[in-house]
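Peer 1: pasting a predicted model and its sequence here:
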Amino acid sequence: MNPDKQIIVDELLSRVNASPFLLVVDYTGMTVPQFDELRTRLSEGGAECHVAKNSHMKRALESAGMPGLDEALQGQTAFITGTEDVCGAAKSVKNFHKEFKKPEVKGGLLDGALLDEAQIKALADLPPREVLLATLLGVINQPASMLARVLNEPGAAIARVLKAKHDGDN
């Protein structure tokens, strides 16, 4: 392989390895200002959007041992990677698509597993990470708080009986 092309493939490989996800979108028909706006919105959520030749990305994915996205790697494709939450990136793309009717989601990878368009849209519909963590914490704390109430009830019942007895004597 040409050394210049190998440098590009190596750069793509480092991006793929550093990111827990990869989203592939078709940016056909997008203007430069629209593409810049998409990049800005993605960067707010900790994601980046890059354009590279499909053949270079195929080689980078093969080197990373990732499943093939051969069907998605056709036409004008852009690649979205990031270090943070995939849901934020998917939500940014979905909201941008609602507004401009572009780009089209073609597929992706999440922790090495293939994602189709429907799965990526489902990720975009999830609430923010903080809300999910708060919900999980509530679910985890619920049994403990119920147990505390059950354990406190006999003592509270005795206290109520004694108070009623005391109030009745006055």
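Peer 2: Received, thanks.
Peer 1: buried residues, stretch 100-107. List them.
Peer 2: 102-107 (16 or more other C-beta atoms under 10 Å). From N, CA and C alone the C-beta is placed, and that goes for glycine too.
Peer 1: any idea which of the residues you listed is closest to residue 136?
Peer 2: residue 105 (27.2 Å; C-beta to C-beta).
Peer 1: max pairwise distance over the buried residues of stretch 100-107: which two?
Peer 2: It's 102 and 107 that sit farthest apart of these, by C-beta to C-beta, at 16.5 Å.
Peer 1: which SS class is residue 165?
Peer 2: helix (DSSP: H, G, I helix; E, B strand; the rest coil).
Peer 1: so if we follow the domain assignment, how does the chain break up?
Peer 2: 3-126, 128-170 (automatic domain parsing).
Peer 1: hmm, back to that, next, format the buried residues of stretch 100-107 as a markdown table and append secondary structure.
Peer 2: Shown next, in a markdown table, are the buried residues of stretch 100-107 (three-state DSSP):
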| residue | secondary structure |
| --- | --- |
| 102 | coil |
| 103 | coil |
| 104 | strand |
| 105 | strand |
| 106 | strand |
| 107 | strand |
